[in-house]
Every structure is written in structure tokens, then in C-alpha cells.
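Participant: Next input, structure requested:
(chains A, B, C and D)
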Number of protein chains: 2
Amino acid sequence: MSLLDASLIADIPPFQGMKREYLVELLSKAKSERYENGRTVFTQDEEAHSFFILLDGHIRVVRITPDGDQVIARYISSGELFGIAQALGLERYPANAVAAVECVVLSWPGTLWNMVAEKYPTFATNTYRTVGIRLQETQDKVVELATERVEQRVANAILKLANQTGRKTEDGILIDFPITRQDISEMTGTTLHTVSRLLSAWETAGLVKSERKKITVTEGHKLAVIAEGKREL
Amino acid sequence: MSLLDASLIADIPPFQGMKREYLVELLSKAKSERYENGRTVFTQDEEAHSFFILLDGHIRVVRITPDGDQVIARYISSGELFGIAQALGLERYPANAVAAVECVVLSWPGTLWNMVAEKYPTFATNTYRTVGIRLQETQDKVVELATERVEQRVANAILKLANQTGRKTEDGILIDFPITRQDISEMTGTTLHTVSRLLSAWETAGLVKSERKKITVTEGHKLAVIAEGKREL
DNA sequence: GTTCATATTTGTCAAAACGCAAATTCGAAA
DNA sequence: TTTCGAATTTGCGTTTTGACAAATATGAAC
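Facilitator: Numbering: from 1, shown residues only, chains lettered A, B, ... in the order given. Just a heads-up that it's a prediction; the model follows:
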């Protein structure tokens, strides 16, 4: 276990408003671990042994269907909680969590949740607020899938990723981790072929630049117009 | 405010494991109200003033999109919590809640949540477990919308309603509240026309019987086969 | 530099599902 | 009983999107 300083986590949302002293205590019970790109943090249906905070990197949360289809539920960015099954009384993780790049993850044994929630009510409250936001986001996704066309959903997914994780470059906003057409199709409920066609068209129109596993948004506002459902600019 | 006896709620899941004495206390702070069919309990984006338990009836929870599309998020059955924005730190309700039949609803002022959660930790834990289950169900819906065809989704929705709220009749299992083709289309992300066609076909094939605002499942196992994705029997 | 698995692009065709329109049925209210 | 709005059914043409197939590009590993 490496050295963990309270300043590591003091500024990230789940710990907002907690006394320094408590942060130190909490950290003393945490384990820090590096995950190389592609490594699995936890697996769907596995017994929920820990809960996690991502200190650095990006984690892909994926559900697998009985017939093998994958659906990407969300990407976790640094500073976010994930795998918090215990907080919700779940005995098993409902999805896979896989490092999308090199990651640093902090974890606590799941058995600690009750104690932690009781001793650090601020942390518990912050956690439940996160859950509330995610529940809403998930509902939003249901609405999107139920009412919007593929083109809108793909535009939206790319915009969100750019906002959430984008890094500014000379060309525009680059999504900060390797992402394939297949990944985007699994976020939006379509096929990699359709995503490829859309990206090709958008590239021709100058809205994005893309290479293998890389997408840069150059004309975000135009993408946003497509996400709104307008057919042309 | 009518007379409320602890036995009213002692057996329903959110209150499992709570001391009788606490139930009485909690009830003394609750308000009971009847809602006739179609009456709104709370509205999307309205400030979250209360949290609720449905004692009798069925409540439809509906999201409205900016361009007026409706998506039915879930049906609440009796004994279930709803409108628990406070538990998740949300300031506003994320959807409309409307009585789908004559209902009896118990409510507490939202300002009481923190006190209630602290004083009755069992109740809080039960609530968060409910949230966990709903989050999973919502994720399931995302997966369904992303990977299954309309036919499967409609079959699934009807099966779930029949299981959740069905009443046994001589013909089969009747969904216990008035429900239109439009409602089902708003649960499954399709149009009322497509739902109508599917129900007609299934009626011809003898899987269901349906009248205006009424659906009876006669051959659940065959519907289940369709929900699984098989094209014929 | 060569090799090879992986990612991407693109074409063609077919199926699924929607949109629009119109007819019809039903049931509640007058 | 009559009326009228709401719910439902159904036909038809169109659009969207998926499925299949094949070619091509890319970058990491050797």
C-alpha cells in the first residue's frame, strides 16, 4: 500500500465538506492500485467485495446481455465513485468495470460501508447524491433511446464525452482516451457500421476529425444541432 | 387526516424490520390522501416537497421531453415508495406522477427526510435498497432499448405488467388498471400503431385478449418466447 | 521492415418500424 | 337513446437502420 495524503482526495466531490481529520482516517483504510488499460476492476454478477473511487484515468462500465451483446452504461472520470453496490444493498456488481486507459483506483472493503456511512454522514450524503444524479442520467438515456434517432444519439454521446473528458488541442476537443466505433455503438444502441458512416459524413462536413480510436470535435455547436434533431444545418 | 393504524404499513417492504413503536411514530407524521384516476401527485421539475408511499392503486411515472414526447418510466404498485427525491439529494422531481386508477397515497414532508433517515435507519436502508433495485431496472431498460426489437420490448412490457399487477381471471391474467396502446408505446419506445398491430396479431394467435384499455395475457409462455427474441413459436 | 490482428470504411440489400391517412369502434356523458 | 370524443384498427408508402460482405487502413509486435 502506497502513501496516501489527504490532499489527494480533499478536493474531489465525494469528499466535499468532510473534516481533514476524517479524510485521513478514511484514507488509512483505503487501498490504492494501478490498473493498466484493459484490466478489469470488477465483473458483472461477481460478489461486491469493495467500493471504489477513481483517482486518475477513465473506467468503462459495461453490461453484458445473456446473448453476448455489450452495452456501455457509462464512463467514469477521475474523482468519481463507482462500484458502490453496498450503498444500495446490492450483493453483486451489476456490470463490468474495465480500465479504458491507465488508471489509479482507490478502494475500500465493502464490509466497511455501513461503518463509513455512519461515521462520515457527509460522505454518505454525497454518495447518495451521486446515485441520484446517475439514476437521472440513466433515465435520460432511456428517454433518448425511446425517442431519438441514431444520428442524434451518436452526436449526443460524442458531445458528452467531449465535455466530460475532452482535452483541448489545436484541432478542437479531443476525447481523452482511446475509443472505437464499436464502443460508441455500444453506448448508443446501434452498430459500428452506422457509427462509422456517421463519423465519415461528419468528417467530410468538417464537424469532427477522427483517426483510429481517436475522435476530435471541431464544430461542437453543429454537432449539437444534429443532436437536437435537426436534419441539416 | 384520517386514522392511520400501524398495521396499515407494517407488512409492506419499506417498513420491514421496523419496531412497531417507530411505525406508529412515523405514521403520526404522515398524511393520507385519495387520488382519483388521472389526478397528478407531483409534476416534473416541481420542487420536491414530499416523499410518498402508495397504499393502494397504481401510479404512472412519466417523463416529458422538451419536444413533448412522453416516456413512461415505471408503474408504481401498492406498497412501493415513490417521489423520494430527498433521499437522493434532488431538489426537484424528475418526472410526473399520475394516478392510473383510484389511489391512496401516504406522504411525508420532504423536510422530514433527514430526521427520518437518522432516526429510523432501517427505513433508510430499505429505501436505498429500493433505489438500488430501480437503478438496476432502469439500466435493464437501457439495455433492452439498445439491443432488442420493438416486438420483444412490447411483449416484455406486457409480461412485466401482468406479473407485477396482474389479476387472475377466467381468461388469463388481466392487467389491473386501464392501459392504452399509447401507454404501452410510451413504455417501449415505439408508436401506438405498432403496438396495436402487435396486439392484433397476438390476439389472432391466441396469446392475449384485449379490449379498449384492457389487456389479458392468456398464453404467457408464448409471449415470453417472443420476448426472448424468437420470431415464431 | 514485415507481419498480423484489429479497426475502419464502404457498398448493396433487406427488414423493421414509422408516418400519414382514414375508417371504425367504443363508452361515457348529455 | 343519442352524441361525441377518445381509442383502436388497418392500409400504404417511405425512411431508417441493420445485416452481410468485402476491401482497406493502421499500428503494435516481432
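Participant: Show me what from chain A comes close to DNA strand D.
Facilitator: Chain A comes close to DNA strand D at residues A:149-151, A:189-191, A:193-194, A:211-212, A:231, as judged by Cβ under 7 Å from any atom of the strand. Placement of C-beta: from N, CA and C, glycine included.
Participant: Can you lay out the residues you listed as a markdown table showing secondary structure, neighbour count and distance to DNA strand C?
Facilitator: Listed next are these as a markdown table, based on DSSP: H, G, I helix; E, B strand; the rest coil; neighbours: other Cβ atoms under 10 Å in any protein chain shown; distance: Cβ to the nearest atom of the strand, whole Å:
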| residue | secondary structure | neighbour count | distance to DNA strand C |
| --- | --- | --- | --- |
| A:R149 | coil | 12 | 9 |
| A:V150 | helix | 17 | 12 |
| A:E151 | helix | 19 | 14 |
| A:G189 | coil | 22 | 12 |
| A:T190 | coil | 20 | 12 |
| A:T191 | coil | 14 | 9 |
| A:H193 | helix | 11 | 4 |
| A:T194 | helix | 16 | 8 |
| A:E211 | strand | 7 | 7 |
| A:R212 | coil | 7 | 4 |
| A:R231 | coil | 8 | 13 |
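Participant: need those in CSV with pLDDT, can you?
Facilitator: Compiled in CSV, the residues of chain A next to DNA strand D are given as follows (pLDDT from 0 to 100):
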residue, pLDDT
A:R149, 97
A:V150, 98
A:E151, 97
A:G189, 97
A:T190, 98
A:T191, 97
A:H193, 97
A:T194, 98
A:E211, 92
A:R212, 94
A:R231, 73
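Participant: just curious, which of the residues you listed is nearest to A:G38?
Facilitator: Nearest to A:G38 out of the residues of chain A next to DNA strand D is A:R212 (Cβ to Cβ; 16.3 Å).
Participant: shouldn't A:I215 be in contact with A:L198?
Facilitator: No: in this structure, A:I215 is not within contact of A:L198 by Cβ atoms under 8 Å, at 11.3 Å.
Participant: buried stuff in the least confident helix or strand in chain A by mean pLDDT?
Facilitator: Lowest by mean pLDDT, DSSP states H and E among the helices and strands of chain A is helix A:7-10, with a mean of 82. Neighbour counts over helix A:7-10 (16 or more other Cβ atoms under 10 Å in any protein chain shown) mark A:8-9 as buried.
Participant: Please save the CA atoms from it in PDB.
Facilitator: Provided in PDB are the C-alpha atoms of helix A:7-10 (Å, rounded to 0.1, in the frame of the first residue of the first chain):
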ATOM      1  CA  SER A   7      -4.800  16.400  -0.200                       C
ATOM      2  CA  LEU A   8      -5.200  13.600  -2.800                       C
ATOM      3  CA  ILE A   9      -8.900  13.400  -2.200                       C
ATOM      4  CA  ALA A  10      -9.800  16.600  -0.300                       C
END
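Participant: can you list contacts of that helix?
Facilitator: With contact meaning Cβ atoms under 8 Å, 6 or more residues apart in numbering or on different chains, helix A:7-10 is reached by A:15, A:18, A:20, A:23, A:26-27, A:53, A:55, A:106.
Participant: residue contacts, A:R129?
Facilitator: B:88-89.
Participant: how's chain A carved up into domains?
Facilitator: Domains of chain A are assigned by automatic domain parsing as A:7-145, A:148-228.
Participant: pretty sure A:T190 is in contact with A:E151, am I right?
Facilitator: No: with contact defined as Cβ under 8 Å, A:T190 does not count as touching A:E151 (9.3 Å).
Participant: Give me the phi and psi for A:I179.
Facilitator: phi -140, psi 130 (degrees, to the nearest 10).
Participant: where do the helices sit along chain A?
Facilitator: When secondary structure is read from DSSP state H, chain A shows helices at A:7-10, A:20-28, A:113-119, A:121-147, A:150-165, A:181-188, A:192-205, A:220-228.
Participant: And for A:D5, nearest residue in space, chain neighbours not counted?
Facilitator: For A:D5, ignoring the flanking residues on the chain, the nearest one in space by Cβ to Cβ, 6 or more residues apart in numbering or on different chains is A:L27 at 7.7 Å.
Participant: Distance of that neighbour relative to A:F42?
Facilitator: In this view, A:L27 and A:F42 are 21 Å apart by Cβ to Cβ, to the nearest Å.
Participant: neighbour count winner among those two?
Facilitator: Between A:L27 and A:F42, counting by other Cβ atoms under 10 Å in any protein chain shown, A:F42 is the more crowded of the two (23 against 19).
Participant: bridging residues for that one?
Facilitator: With DSSP bridges as the criterion, A:F42 is bridged to A:A97.
Participant: dump the residue contacts of the residue nearest to A:D5.
Facilitator: Counting by Cβ under 8 Å, 6+ apart, A:L27 makes contact with A:4-6, A:8-9, A:106.
Participant: ok, so of these, who is nearest B:G89?
Facilitator: Of all these, A:I9 has the smallest distance to B:G89: 19.8 Å, by Cβ to Cβ.
Participant: just checking, A:F123 touches A:Q16?
Facilitator: No: A:F123 lies out of contact with A:Q16 (Cβ under 8 Å); the separation is 9.3 Å.
Participant: neighbour count winner among these two?
Facilitator: A:F123 (20 against 13).
Participant: what pLDDT does the residue most central in space within chain A get?
Facilitator: Closest to where the C-alpha atoms of chain A average out (Cα atoms, centre = their mean) is A:Y75, at 1.8 Å. For A:Y75, the pLDDT comes out at 97.
Participant: Just grab the bridge partners of it for me.
Facilitator: A:R60.
Participant: buried set for stretch A:225-233?
Facilitator: For stretch A:225-233, burial by neighbour count (16+ other Cβ under 10 Å) applies to A:225-227.
Participant: For it, what is the distance to the chain centroid?
Facilitator: Offset of stretch A:225-233 from its chain centre (Cα atoms, centre = their mean, to the nearest Å): 26 Å.
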